[in-house]
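**Student:** Make a model of this:
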Amino acid sequence: MTTASPGRMPSTTHERVPSPPPTSNWLGFAGIIGITVGVFNIIGGFVALFRSSYFLVGTERILVFNFFAWGVIWLVIGVIQVVTGFGIIAGKTWARAVGIIMALLAMLGQFAFMAAYPVWSIVDIVFCLFIIYALVVPPRGSVA
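**Tutor:** Numbering: from 1, shown residues only. Predicted coordinates:
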């Protein structure tokens, strides 16, 4: 015998509750590393702005930019990376695409910056590769 709650028809079949989408530790990892790399790039931008002699290598130009322009570029990239990292953790689809693009831009910038500070450039490039991998790997429909 089945019982009915007020305002509801009795049911003899079990209702299926949809399961939540699978979570991905890779997306959480990408978000955290994205925030970390963004903070490091913000710090690098401030150093280039206020203490340009720290990165000085022979001349005061990196490719076509002086250290002030380079510092502003890294500040902008860093802020976008931090915001994107929080978006990735929140499970926003746009953040995954922006995260990949920003990691690629940061990698290109680090290749240009390698003459000034090679060890940090290599570390940053490796972190960006981790971000790209972690954003591409998650299963379809996963959330952070």
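
**Student:** mind showing which ranges of this structure have poor pLDDT?
**Tutor:** Scanning the chain for pLDDT under 70 picks out 1-15, 19-24, 52-65, 138-144.

**Student:** same thing but at 80, please
**Tutor:** Per-residue confidence of the chain (counting by pLDDT under 80) places the weak regions at 1-24, 51-67, 112-113, 115-117, 138-144.

**Student:** middle-most residue in it, spatially?
**Tutor:** Relative to the mean C-alpha position of the chain, the nearest C-alpha, by CA atoms, centre = their mean, is the one of residue 34, at 3.1 Å.

**Student:** From residue 75, how far out is that one?
**Tutor:** For residue 34, the distance to residue 75 equals 16 Å [CB to CB, to the nearest Å]. From N, CA and C alone the C-beta is placed, and that goes for glycine too.

**Student:** contacts for stretch 118-131?
**Tutor:** 29-30, 33-34, 36-37, 40-41, 44, 99-100, 103-104, 106-107, 110-111, 113-114 (CB atoms under 8 Å, 6 or more residues apart in numbering).

**Student:** Now with 6 Å, please.
**Tutor:** With contacts defined as CB atoms under 6 Å, 6 or more residues apart in numbering, stretch 118-131 is touched by 30, 33, 34, 37, 103, 106, 107, 110, 113, 114.
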